[in-house]
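Chemist: Okay, here's the prediction I keep looking at, along with the sequence it came from:
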Amino acid sequence: MAEALIGLGGNLGDVRRRIDCAVELFCAGNAVRLVAQSADYRTPPWGLIDQPAFINGCLVVDTLLTPQKLLERALAVERQLGRDRTNERRWGPRPIDIDLLSYDDVVLDEPGLRLPHPELFRRAFVLVPLAEIAADRIVAGTRIGDAVAQLDIAGIERLPPANHFQR
């Protein structure tokens, strides 16, 4: 099995519930097994700042899938949960986003898939939740915990556990 680091987020609708659904769908079956899940974090928008705050989180999974098949699964889950990438602005609002951040120590640069994720070490909204569950993981020669210490994490807020069963 390979270990993959996954980022999730969104800023439209009930994102926390959608992230929970995304994790369930993404890890369904025997090909992807959830190892660890971070808390949810409220984060300022990145790229386009004139939009609502995001909710972000990360996963560590073990998988039998290739990087390409894991990405296909992520994109299928996004579509199932209402994301239409063809009608979006880059870095704009979205109901759900699932990013493959790293896959073992694979370095890959092909259309639609670059590993490790090319923006990983610039994005505090990814590194903060990732450091919660994989601070000692080394990606591209850099320890996740060390990378997050180099970034401005102002405005990133760890959220308490969601209670989706309240009436």
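Modeler: Received, thanks. Residues are numbered from 1 along each chain as shown.

Chemist: Assign a three-state SS to residue 101, would you?
Modeler: Secondary structure assignment for residue 101 (DSSP: H, G, I helix; E, B strand; the rest coil): strand.

Chemist: need the contact list for the nearest residue to it once chain neighbours are set aside.
Modeler: For residue 101, ignoring the flanking residues on the chain, the nearest one in space by CB to CB, 6 or more residues apart in numbering is residue 5 at 4.2 Å. Every C-beta, even on glycine, is put in place using the N, C-alpha and C of the backbone. For residue 5, the contact set (CB atoms under 8 Å, 6 or more residues apart in numbering) comprises 58, 59, 60, 100, 101, 102, 103, 130, 134, 137, 139.

Chemist: which one of the residues you listed is nearest residue 40?
Modeler: Closest to residue 40 out of the contacts of residue 5 is residue 58 (10.1 Å), distances taken as CB to CB.

Chemist: From residue 130, how far out is the closest one?
Modeler: Residue 58 is 4 Å from residue 130, where distance means CB to CB, to the nearest Å.

Chemist: Please say which of those two ends up with more neighbours.
Modeler: A count of neighbours by other CB atoms under 10 Å puts residue 130 above the other of residue 58 and residue 130, at 30 against 27.

Chemist: Need the overlap of contacts for residue 58 and residue 130.
Modeler: 5, 7, 38, 101.
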